[in-house]
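Asker: Quick one: sequence and predicted model below, then my questions.
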Amino acid sequence: MKVLSCNNISKSYERGKYALKDVKFSIPAKGIFALIGRNGAGKTTLIRILSTQLLPTSGRATIDGIDVTRQENRLREIIACVPQEARAIGWLTARQFIVSYLMWRGFSGSEANKRAVAAAKKLRIEHYLDKQNQKLSGGTKRKVLVATVMASEAEILFLDEPTTGLDPISRDELWGTLMTLKKDHFVFLTTHYLEEAERLADKIGILDGGRLKALGTLDELRKKVKYPYCVKILSDVKIEKPKVGEIVKGVDGHYQIVTTEHEANRISRKLISKEVRFSMSPLTLDDIFYYIVKKPIEEENYAEEESR
Ligand SMILES: Nc1ncnc2c1ncn2[C@@H]1O[C@H](COP(=O)(O)OP(=O)(O)O)[C@@H](O)[C@H]1O
Ligand SMILES: [Mg+2]
């Protein structure tokens with residue numbers, strides 16, 4: 001089994017300030033791995049290091065035993081990357097763009113064309129092959145980029161925020177594309193759309209402030225959170241301390257109580273009687289993310305009360 005492994009990767013662009021600090025993990029290079037984190041968390045830095053575009057300040061990483069810093073030419077034969085700001089050259093047609101990329105990778109013109117057509121068919125964009133990229137919709141433009149790396153011989157694909165800025169329909173289509181892709185590729189993607197990671201990823205890594213805070217399947221991440229339920233307070237009211245659980249503040253500014261199912265039910269009944277708007281549900285990746293990257297507002301441990 002192929003494995004991607006990072007051993008204490010650190011990167012500092014300026015003295016004393018770390019974009020990545022001692023990132024250490026090992027994952028099977030199959031399916032989809034999603035690296036999630038806020039802007040500035042270090043996602044792009046890690047993807048650039050793993051795809052041989054940037055050297056770490058310290059630490060080592062290997063993919064299938066190939067060292068990303070010392071054997072970069074060998075590694076480049078099995079990886080391809082779509083950077084965060086990548087755009088297909090506007091005045092080229094999709095076909096010209098894909099074919100020229102493949103010829104750069106060493107394919108003959110006719111082989112490159114065959115591969116471009118096959119990839120475009122798989123992603124259902126074959127009708128756009130002879131249109132100029134600048135005339136395509138945002139979603140199709142992204143698909144052209146994905147088709148480009150997919151048409152190569154690379155079995156490991158790095159996609160840095162492939163769906164950022166897309167409308168919900170195009171995003172949904174691209175998600176379909178990524179699910180197709182993962183059948184015969186390992187896809188390492190970054191995103192700040194937590195729903196995307198929840199829907200697509202076999203494994204998820206949470207990066208915050210350059211540090212890897214958690215890694216695992218959704219179920220494994222769920223287990224890192226002490227409480228399985230979340231009550232979101234949607235009205236602007238002062239909330240009481242729960243008997244069991246913790247209060248965290250979501251990115252939207254709303255307070256959330258993470259707690260047991262029993263306590264969530266009790267709180268819900270109370271909120272209904274007070275006519276406070278709220279929602280109650282098992283934890284989503286969103287809740288888990290904010291629990292892991294944000295310190296609980298209430299630091300006390302309520303475990304004792306829970307066992308009473
Ligand atoms: N070329 C650079 N020079 C200096 N600082 C940088 C450079 N690139 C990124 N950084 C800093 O490193 C941190 C991580 O950035 P980045 O990896 O782009 O995060 P993300 O992709 O998660 O948004 C940020 O604080 C960013 O400002
Ligand atoms: Mg980035």
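Answerer: Nice, I can see it. Ligands and ions are numbered 1, 2, ... in the order given.

Asker: residue contacts, the closest residue to ligand 2 within the chain?
Answerer: Here the residue of the chain nearest ligand 2 is T44; by Cβ to the ion that distance is 3.2 Å. Yep, even glycine has a C-beta here, placed from its N, CA and C like the rest. Shown in contact with T44 (Cβ atoms under 8 Å, 6 or more residues apart in numbering): 83-84, 160, 190.

Asker: Could I get the CA-only coordinates of the helix or strand where it lies as CSV?
Answerer: T44 is located in helix 43-50, with elements delineated by DSSP states H and E. Taking Å, rounded to 0.1, in the frame of the first residue of the first chain, the C-alpha atoms of helix 43-50 are listed here in CSV:
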residue,chain,number,x,y,z
LYS,A,43,-2.8,24.4,3.7
THR,A,44,-1.2,25.8,0.5
THR,A,45,2.2,25.8,2.1
LEU,A,46,1.9,22.0,2.9
ILE,A,47,0.5,21.2,-0.6
ARG,A,48,3.4,23.1,-2.2
ILE,A,49,5.9,21.2,-0.1
LEU,A,50,4.4,17.8,-0.9
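
Asker: Let me see the mean pLDDT of that helix.
Answerer: What helix 43-50 shows for mean pLDDT is 97.

Asker: From the contact counts, what lies against the helix or strand following it?
Answerer: Beyond helix 43-50 on the C-terminal side, the first helix or strand identified by DSSP H and E is strand 58-63. Contacts defined by 3 or more Cβ pairs under 8 Å, 6 or more residues apart in numbering; DSSP states H and E place strand 58-63 against strand 3-14, helix 43-50.

Asker: which strands and helices sit next to the helix or strand just after the longest one?
Answerer: What that stands for is strand 3-14. Note on strand 3-14: by DSSP H and E, the next helix or strand toward the C-terminus is strand 17-28. Helices and strands touching strand 17-28, by 3+ Cβ pairs under 8 Å, 6+ apart, are strand 3-14, helix 43-50, strand 203-208, strand 211-216.

Asker: partners of strand 17-28, with directions?
Answerer: strand 3-14 (antiparallel) (DSSP bridges).

Asker: In CSV, please show the C-alpha coordinates belonging to stretch 212-221.
Answerer: Extracted in CSV, the C-alpha atoms of stretch 212-221 (Å, rounded to 0.1, in the frame of the first residue of the first chain):
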residue,chain,number,x,y,z
LEU,A,212,-2.1,19.7,12.6
LYS,A,213,-4.8,19.6,15.3
ALA,A,214,-6.5,16.4,14.3
LEU,A,215,-6.6,13.7,11.7
GLY,A,216,-9.0,10.9,10.9
THR,A,217,-12.2,9.7,9.4
LEU,A,218,-15.3,11.8,10.3
ASP,A,219,-16.2,9.2,12.9
GLU,A,220,-12.8,9.3,14.4
LEU,A,221,-12.9,13.1,14.5
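
Asker: doesn't T163 make contact with Y193?
Answerer: Yes: using Cβ atoms under 8 Å, Y193 is in contact with T163, at 6.5 Å.
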